[in-house]
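Engineer: just to be clear, the model below is a prediction. Sequence and coordinates:
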Amino acid sequence: MSMSKFNQLSKEDLQAQLDHNRKKYHELRALHLSLDMTRGKPSPEQLDLSLDMLNLVSPKDFHSQGGTDARNYGGLDGLPESKKLFSAVMGVQEEEVIIGGNASLTLMHDAMVNAFIHGVVGSKKAWRQERKVKFICPVPGYDRHFNICQHLGIEMIPVPISEDGPKVEMIEDLVRKDSAIKGMWMVPLYSNPTGTIYSDEVIRKLAALPAKAEDFRIFCDNAYAVHHLTDAVNQLNMLTACKEAGVPDRVFLFGSTSKVTFAGAGVSVMCGSAANMGWMRKHLFNQTIGPDKLNQLRHVRFFQDAEGIHAHMKRHAAILKPKFDTVLQVLEEELAAHSIAEWTKPEGGYFISLDTVEGCAKRVVTLAAEAGVKLTAAGATFPYRKDPKDQNIRLAPSLPSLADIKQAMEVVAVCIKVVSAEKLLEA
Ligand code: PMP
């Protein structure tokens, strides 16, 4: 088969490519595969890395370092030793940390709802009293962030993400003019799904955005703060940047151990200025008597300090890196020569973002599903689940085995070749 770029092939050669790949697709389909690359779940081997943590709170040993009985109520914003541990991981002061429950998404959702119902520090009124509330959403991005906005009727404004973060000039122009834009989402390190590492320059510019809304808030979700596949990245902290820009209240930081220890049974954290943390604590007080301190104790005992977390994450990387490499290898071997797709090569996080020829993503995902390979729904990486160019697909290599990933990616590559050839023949 010709290894040329599809868009340089004659009609006859393109038709030959289509026939060849359709045949391959049907052969793969006949294998009745059942493979799942939809969500960024840790694999069982990764979860096994933290099993010993479960033994670290015993019937004889359930007191915190300060003598608090972790079995009982209290400690609204976390045990002092967990604040110490997570302040080091998040790069903030201990008093700038609130420890939450099992999921950082809950903290993000609740912070947004509190802003909506009550307003934030510096708001003249609750956001719900505004005629309209809008949020900047870097795209492609994380579907759950978009769901929170959609759930509250917050209008989402997509801004494309490039190599070093979202296009800041576009955001500056938007927020300068429109006081209805109350904030933005960002995942500064290894963004979901592109794996983008925001540059310090972009972080500084975002901290200093000329926002017309005086109560503009950046929801900075540092979900992948310690999830390096190779070397650690030394990135400017968003709270530090906001302090330097003279707007310490502008940012809420979030993180969790969902992909460090157990997904759905980890510890979450929210960080920000003293004023912002006071605001959040005031609202938390009405929501809960306190979080799960036994789980906090387990985490503190398991890791001891930030170094303990970094050493543990190296063990995750040893499992994850070969999976990312396999996806990239199949894409390179099967697609690179044909110029029918582009993809990111992340240095950390959980995802690879793939762009097909315009108008092909939905059909690729459908064809792959029909051959037994489930992918994240096309469109999910955009607000309102609408990818205007129908070209982005999120690949999540963490859960399946290496052999399964190779097979799944071979199916994906064949589907991309079939759909691209069909599209080009149509044109
Ligand atoms: N933020 C991002 C960017 C994520 O990718 C994920 C998991 N897919 C989460 C948050 C979920 O975090 P948690 O389990 O702490 O709610």
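Structural biologist: Received it, and whenever you're ready, just let me know what you need.

Engineer: going by C-alpha atoms from here, please, whenever you check contacts or count neighbours.
Structural biologist: Fine.

Engineer: what about the lowest-mean-pLDDT helix or strand in the chain, near the ligand?
Structural biologist: Ranked by mean pLDDT, DSSP states H and E, the weakest helix or strand in the chain is strand 35-37, scoring a mean of 94. No. Using CA under 6 Å from any ligand atom, strand 35-37 never reaches the ligand; the gap is at least 12.7 Å.

Engineer: that strand: partners in the sheet, and parallel or antiparallel?
Structural biologist: strand 373-375 (parallel) (DSSP bridges).

Engineer: and the next element down the chain from the partner strand?
Structural biologist: For strand 373-375, the following helix or strand on the C-terminal side (DSSP states H and E) is strand 392-395.

Engineer: what's that next one packed up against?
Structural biologist: Contacting strand 392-395 under the criterion 3 or more CA pairs under 8 Å, 6 or more residues apart in numbering; DSSP states H and E are the following elements: strand 352-356, helix 361-370, strand 373-375.

Engineer: now do the helix or strand that it is followed by: everything it contacts.
Structural biologist: Downstream of strand 392-395, the first helix or strand assigned by DSSP H and E is helix 402-426. Here helix 402-426 makes contact (CA atoms under 8 Å, 6 or more residues apart in numbering) with 6-7, 11, 14-15, 17-18, 21-22, 24-25, 28, 35, 322-323, 326-327, 330-331, 334-335, 340-341, 356-357, 360, 363-364, 367-368, 371, 373, 397.

Engineer: show me what residue of the stretch 301-427 of the chain gets nearest to the ligand.
Structural biologist: Across the stretch 301-427 of the chain, the shortest distance to the ligand (CA to the nearest ligand atom) belongs to Tyr350, at 7.4 Å.

Engineer: burial of that residue, as a residue count?
Structural biologist: 28 (other CA atoms under 10 Å).

Engineer: the closest residue to it other than its chain neighbours and the ligand, how far apart?
Structural biologist: Among residues not flanking Tyr350 along the chain, Gly40 sits closest, at 5.9 Å (CA to CA, 6 or more residues apart in numbering). Gly40 is 6 Å from the ligand, where distance means CA to the nearest ligand atom, to the nearest Å.

Engineer: shouldn't Gly40 be within a strand?
Structural biologist: No. Per DSSP: H, G, I helix; E, B strand; the rest coil, Gly40 lies outside any strand segment and is coil.

Engineer: columns mean pLDDT and mean neighbour count on top of the helices and strands packed on strand 392-395, output as a markdown table?
Structural biologist: Listed next are those as a markdown table, based on pLDDT from 0 to 100; neighbours: other CA atoms under 10 Å:
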| stretch | mean pLDDT | mean neighbour count |
| --- | --- | --- |
| strand 352-356 | 98 | 21 |
| helix 361-370 | 98 | 21 |
| strand 373-375 | 97 | 23 |
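
Engineer: so which bits of the protein are right by the ligand?
Structural biologist: By CA under 6 Å from any ligand atom, the residues of the chain that approach the ligand are 40, 103-105, 142, 187, 192, 221, 223, 256, 258, 263-264, 268.

Engineer: from those, pick the one nearest Pro248.
Structural biologist: Asp221 (16.6 Å; CA to CA).

Engineer: the closest one bridge partners, please.
Structural biologist: Bridge pairing for Asp221 - DSSP bridges - gives Phe254.

Engineer: enumerate every residue touching it.
Structural biologist: With contacts defined as CA under 8 Å, 6+ apart, the neighbours of Asp221 are 185-188, 253-255.

Engineer: which pair in these spans the largest distance?
Structural biologist: Trp185 and Gly255 (13.5 Å).
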